[in-house]
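**Student:** I would like the atomic coordinates for the input below:
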Amino acid sequence: MSMTEKIATQRLGRFHLRWLPRQQALRLGILMLSAWVLIALLSPWIAPFDPIAQDAAVTLSPPTFAHPFGTDNFGRDILSRVMWGARIDLQICIIGVIFPFTFGTLIGAFSGYLGGAVDTFFMRVIDVVLAFPFLVLMLSIIAILGPGLSSFYIAMAMVGWVSYARLVRSQVLTLKHRDFILAARSLGYSHPRILLLHLLPNALTSSLVFSMSDCVLVLLSGASVSYLGLGVQPPLAEWGVMVAEGQSFITTAWWITTFPGLAIVVLAMSFSLLADGLGDKLGERA
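**Tutor:** Coordinates of the predicted model:
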């Protein structure tokens, strides 16, 4: 192959792969998560059966061509319920991370930038929250508010913000003494402008990487809460609920719990790969 052909081949390869991240983990995580998003969006059209429709004629049917994932004790198609469950579990991941990320980022930024009594107050609040086990505190809040997804989101926001606050605060404490911040102050920029437009964008890297890992924790927490009967309520299709419903049939109908359990593992792996690849690309590690 001539030098011209080699250059042309390299340019063609770069043209085709330009839209893909360099890191293999990030690429695989994006592809896996995109697949789950497509399944969730298209589930009303691609799911073979109604996820809550019962059929006594096929109760506890093992995997077949008609029902590739089998059916449960009510004759509901497991494959359809897994597809529809992706909508709820992805919603749990996104909403369960957005609120703690927002609150924690703002509190950590203001605490680190202002310092003094404000910083001391928020650090003591964080110490109080961290004094309790995460799951115990979250379940206590849900028990007080009552079962349901709204209670789960409120509990996650009240408990999960502390990690983001500590990450952003540590970054702001380091960055606020850098030359570009000193230059902004010398130019007479206001404190909100310095904080929101100069400090915060540079302090979000570690939080963004952590948020991808936090999606795994939120997913597992949501499934655990639903498993305990405090989250999504039957007959809605949610993977934690499906695992709980199939535990009584684990020795005779293994497919009821196995396939939603595998779905939880694969979606959690998608976020883990995304966090690992994003950490490599941004020079951070989750």
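
**Student:** Tell me where this structure is predicted with low confidence.
**Tutor:** Where the chain drops to pLDDT under 70, the residues are 1-23, 283-286.

**Student:** Residue 168 - nearest residue in space that isn't next to it in sequence?
**Tutor:** Nearest residue to residue 168 in three dimensions, chain neighbours excluded: residue 108, at 3.3 Å (CB to CB, 6 or more residues apart in numbering). From N, CA and C alone the C-beta is placed, and that goes for glycine too.

**Student:** The one you found contacts residue 167, correct?
**Tutor:** Yes - if you go by CB atoms under 8 Å, residue 108 and residue 167 touch, sitting 6.7 Å apart.

**Student:** Those two: which has the busier surroundings?
**Tutor:** Using other CB atoms under 10 Å as the criterion, residue 108 and residue 167 rank with residue 108 on top: 29 against 22.

**Student:** Show me what counts as buried in the helix or strand containing the residue nearest to residue 168.
**Tutor:** Secondary structure from DSSP states H and E places residue 108 in helix 78-114. Using 16 or more other CB atoms under 10 Å as the burial criterion, the residues of helix 78-114 that qualify are 78-93, 95-97, 99-101, 103-113.

**Student:** what's the answer for stretch 267-285, then?
**Tutor:** Applying a neighbour-count criterion of 16+ other CB under 10 Å, one finds 267-268, 270-280 buried in stretch 267-285.

**Student:** Now tabulate those residues in TSV and tack on secondary structure and distance to residue 42.
**Tutor:** TSV is the format used below for these (DSSP: H, G, I helix; E, B strand; the rest coil; distance: CB to CB, whole Å):
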residue	secondary structure	distance to residue 42
267	helix	16
268	helix	22
270	helix	17
271	helix	21
272	helix	24
273	helix	22
274	helix	21
275	helix	26
276	helix	28
277	helix	25
278	helix	26
279	helix	30
280	helix	31
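
**Student:** From those residues, pick the one nearest residue 137.
**Tutor:** Relative to residue 137, the closest of the buried residues of stretch 267-285 is residue 268; by CB to CB it sits at 21.9 Å.

**Student:** residues contacting the closest one?
**Tutor:** Contacts here follow CB atoms under 8 Å, 6 or more residues apart in numbering; on that basis residue 268 touches 216, 219, 220.

**Student:** The same query, at a cut-off of 10 Å, please.
**Tutor:** 89, 93, 215, 216, 217, 219, 220, 223 (CB atoms under 10 Å, 6 or more residues apart in numbering).

**Student:** Can you tell me which of the buried residues of stretch 267-285 lies closest to residue 163?
**Tutor:** Distances from residue 163 to the buried residues of stretch 267-285, taken by CB to CB, are shortest for residue 275, at 13.5 Å.

**Student:** circling back: overlap in contacts, residue 108 and residue 167.
**Tutor:** 203, 207.

**Student:** Next, the buried residues of stretch 121-128.
**Tutor:** Under the neighbour-count criterion of 16+ other CB under 10 Å, stretch 121-128 has 122, 126 buried.

**Student:** Ignore what I typed, I meant stretch 193-212.
**Tutor:** 194-195, 198-200, 203-212.

**Student:** burial of the closest residue to residue 143 other than its chain neighbours, as a residue count?
**Tutor:** Excluding the flanking residues, the one nearest residue 143 by CB to CB, 6+ apart is residue 230, at 7.0 Å. Residues lying near residue 230 (other CB under 10 Å) number 20.

**Student:** List the contacts of residue 230.
**Tutor:** Residues near residue 230 by CB under 10 Å, 6+ apart: 138, 139, 142, 143, 145, 146, 147, 148, 151, 152, 155, 224.

**Student:** repeat for residue 233
**Tutor:** When contacts are counted by CB under 10 Å, 6+ apart, residue 233 touches 147, 148, 149, 226, 241.

**Student:** Let me know the secondary structure of it.
**Tutor:** With DSSP: H, G, I helix; E, B strand; the rest coil as the basis, residue 233 sits in coil.

**Student:** For the remainder of this discussion, apply numbering that starts at 395.
**Tutor:** Noted, 395 is the first residue going forward, which turns the last one into residue 627.

**Student:** and it, what are its phi and psi?
**Tutor:** Main-chain dihedrals, residue 627, degrees, to the nearest 10: phi -100, psi 140.

**Student:** and the helix or strand harbouring residue 600 with helix 472-508, angle?
**Tutor:** Assigned by DSSP H and E, residue 600 falls within helix 599-621. If you take axes from the mean of the first three to the mean of the last three CA atoms, to 10 degrees, helix 599-621 sits at 140 degrees to helix 472-508.
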